[in-house]
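# sequence-free structure coming up:
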């Protein structure tokens, strides 16, 4: 089984945000190897209005999962942690206990209804993610 180098971006703006991110990281470690972790970064919500500040972190992982298998894995973590809505399904952003985005997957370009790799908004449009990813890219 070949290993894939993947960049994930995690965010939380409900409850104990840092604890939520740490819990998600522990769950990711169950199926993936963590190669690098950024510092925590707080940021204002993007593309929606909320009084809840986000805490974000970026990871580099190694995984044998395919892009869709990895997407299913991280979406399951979100549900396990109590996330009840998905912005892809609802078409709108809102407060969330955890959000896990696949930003890059090796050098792969992939597009489906559920997943776009590389994640264009996180790479090129969102200031907080550019700050977090700067050390990795």
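Everything's here; your move. This one's a predicted model, so the numbers in the text were calculated from it and none came from an experiment.
# Which secondary structure element of this structure has the lowest mean pLDDT?
helix 87-90 (a mean of 52; mean pLDDT, DSSP states H and E).
# Could you name the helices and strands sitting against the helix or strand just after that one?
As assigned by DSSP states H and E, the chain's next helix or strand after helix 87-90 is strand 99-105. With contacts defined as 3 or more Cβ pairs under 8 Å, 6 or more residues apart in numbering; DSSP states H and E, the secondary structure elements packing on strand 99-105 are strand 4-12, helix 67-80, strand 116-117. Placement of C-beta: from N, CA and C, glycine included.
# Figure out how far the next helix or strand after the shortest one is from the centre of its chain.
For strand 116-117, the succeeding helix or strand toward the C-terminus, using DSSP H and E, is helix 120. Computed by Cα atoms, centre = their mean, to the nearest Å, the separation of helix 120 from the middle of its chain amounts to 13 Å.
# Who are the packing partners of helix 120?
For helix 120, there is no helix or strand it packs on, judged by 3+ Cβ pairs under 8 Å, 6+ apart.
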